[in-house]
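> generate a structure from the sequence data that follows.
(one chain, ligands or ions: 3)
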Amino acid sequence: MSFRKEPPHTHGNIAKSAVVLVNLGTPDAPTRRALRRYLKEFLSDRRVVEIPRAVWWFILTFIILPFRSGKSAAKYKLIWMREGSPLRVHTQKQAALLDTMLEERGHHAVKVAYAMRYGSPALPQVLDQLKAEGCDRIAILPAYPQYSGTTTGSIWDAVFAHYAQVRNVPELRLVKHYHDHDGYIDALRDSVLEYWENHGRGDKLVMSFHGVPKRTLLLGDPYHCECHKTARLLAERLRLGPTDYVVTFQSRFGRAEWLQPYTAGTVAQLAREGARRVDVLCPGFTSDCLETLEEINMEVRREFEAAGGQDYHYIPCLNETPAWIAGMAEIAEQHLIGWPTMMSPSQRDAEKRDADTGRERALQLGA
Ligand SMILES: C=CC1=C(C)c2cc3[nH]c(cc4nc(cc5[nH]c(cc1n2)c(C)c5CCC(=O)O)C(CCC(=O)O)=C4C)c(C)c3C=C
Ligand SMILES: [Fe+2]
Ligand SMILES: [Fe+2]
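Ligands and ions are numbered 1, 2, ... in the order given. Got it, this is the predicted structure:
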């Protein structure tokens, strides 16, 4: 096996640190063609669909891609923003704001980049670019607060697969999860309280998380428990009683059983039981995306109204809210400990002078 082309090693380089905010990925355009490319990459990941490869290849190629690409493109068209897909727009803005926030907190020597697990900007390209810029310390921050093998585990696969081809591998830190981190829970609490202050409050708060097949829970994936812990902590912070909120799972894909209760069925049931108003929050998504803006704010709203519900409120994701940017900075800081992130430009110059002296010494020694 050959390795990727490595920039020549030079003595005296000051290693820079970087945080890479990694999200799922999204199509480049709301078109059938772009959806086909995106879904093919996403759904070919054996972390995402765990059925025998040959069987799945057949189903994906001849059933899912031909039928789903067009249907999904139509859904993306409904939520597409002037600047592009909401998921990418928010992730990009979050990364830029996190960069500024870390700078304000004194971390002058950290760069923040963003990447996608599927689609663009592709994680391997971003990691290559950071290497070219001299970043030799990389912290990977997934956009998923709760760990699941299907999401965070898959990001690790991509990171390891990339560095398996690299000779000079940077120092790495991987943020596994922050489902119970104060910075995240407090940001969620603030966003719900602000929403209630501006729009009043419903009979029930529905906390809807993206689902996964139930089988993954039975096989040891901690995702379900982490979602429930997030919900419990948020409910405590909001001083909710056990009947004031419900935890549900959305976005079922395929025919197998997924984590229950399902969001759409629960919301319709609440309407039938006489709830006039529900407020729906998606705490597992840190950026608004297809699954929140179309599925929750459009499809599930219709189900609630069809079942006799009157007043349906969707509470937006954390997106670029200042509390969440501060929360992300706290999470990042905890994982940057021990790295020289606070070096000021003058300290960097001094360090460089020392390093240059070291280089001269190395040259004398013939290194
Ligand atoms: C938040 C965590 C997520 C988990 C866990 C997750 C698991 C998972 N998803 C699918 C299938 C699809 N998901 C799709 C979109 C999508 N999924 C997440 C997040 C999680 N997925 C996000 C943020 C998005 C939105 C992306 C965007 O562009 O806005 C889609 C594509 C959309 C569609 O065609 O409906 C599919 C398909 C599986 C199978 C799975 C776990 C096994
Ligand atoms: Fe998904
Ligand atoms: Fe559990």
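
> going forward, measure contacts and count neighbours with C-alpha atoms only.
Noted.

> from what I can see Tyr195 touches Ile315, true?
Yes: with contact defined as CA atoms under 8 Å, Tyr195 and Ile315 form a contacting pair (6.8 Å).

> who has more neighbours, the two?
Applying other CA atoms under 10 Å to Tyr195 and Ile315 shows that Ile315 carries more neighbours, namely 20 against 17.

> may I have the beta-bridge partners of that one?
Residues in a beta bridge with Ile315, per DSSP bridges, are Leu281.

> wait, it touches Asp279, no?
Yes: in this structure, Ile315 is within contact of Asp279 by CA under 8 Å, at 6.8 Å.

> count of neighbours near Ile337?
Per other CA under 10 Å, the neighbour tally for Ile337 reads 9.

> got it, and Lys5?
Neighbours of Lys5 under the rule other CA under 10 Å: 10.

> same check on Arg252?
Applying other CA under 10 Å, we find 17 residues neighbouring Arg252.

> nearest residue to the middle of this structure?
Ala143 (2.1 Å; CA atoms, centre = their mean).

> just give the closest residue to it, not the sequence neighbours.
Asn23 (5.1 Å; CA to CA, 6 or more residues apart in numbering).

> show me what that neighbour is bridged to.
Here Asn23, judged by DSSP bridges, has bridge partners Met116.

> and it, how far is that from His224?
Separation of Asn23 from His224 (CA to CA, to the nearest Å): 20 Å.

> these two: which has the busier surroundings?
Neighbours were counted for Asn23 and for His224 using other CA under 10 Å; Asn23 has more, 26 against 22.

> could you report the pLDDT at the more buried one?
On pLDDT, Asn23 comes in at 98.

> correct me, but it touches Gly119?
No: using CA under 8 Å, Asn23 is not in contact with Gly119, being 10.3 Å away.

> can you tell me which residues in the stretch 1-150 of the chain are near ligand 1?
Those residues of the stretch 1-150 of the chain that sit near ligand 1, judged by CA under 6 Å from any ligand atom, are Leu24, Gly25, Thr26, Val48, Val49, Ser72, Leu87, Tyr144, Thr150.

> how about a cut-off of 5 Å?
Contact residues, the stretch 1-150 of the chain versus ligand 1 (CA under 5 Å from any ligand atom): Thr26, Val48, Ser72.

> among those residues, which one has the most neighbours?
In those, the most neighbours by other CA under 10 Å go to Thr26, 26 neighbours.

> ok, for that residue, nearest residue in space, not its chain neighbours?
Sequence neighbours aside, Gly119 is the residue nearest to Thr26 in space, at 6.3 Å (criterion: CA to CA, 6+ apart).

> can you name the residue of this structure nearest to ligand 3?
Cys225 (3.6 Å; CA to the ion).

> count of neighbours near that residue?
With other CA under 10 Å as criterion, Cys225 counts 14.

> what strand or helix carries it?
helix 223-237 (DSSP states H and E).

> that helix vs ligand 1: in contact?
No: figure legend: helix 223-237 not in contact with ligand 1 (CA under 5 Å from any ligand atom); closest approach 7.5 Å.

> which other helices and strands does that helix contact?
When contacts are defined as 3 or more CA pairs under 8 Å, 6 or more residues apart in numbering; DSSP states H and E, helix 223-237 packs onto helix 182-199, strand 245-250.

> how far off strand 245-250 does that helix point, in degrees?
150 degrees (axes from the mean of the first three to the mean of the last three CA atoms, to 10 degrees).

> ok, residues contacting helix 223-237?
Applying CA atoms under 8 Å, 6 or more residues apart in numbering, the external contacts of helix 223-237 come out as 146-148, 179-180, 185-186, 188-189, 207, 209, 217, 241, 245, 247, 259, 283-284.

> what comes up buried for it?
For helix 223-237, the neighbour count (16 or more other CA atoms under 10 Å) marks Tyr223, His224, Glu226, Cys227, His228, Thr230, Ala231, Arg232, Leu233, Leu234, Ala235 as buried.
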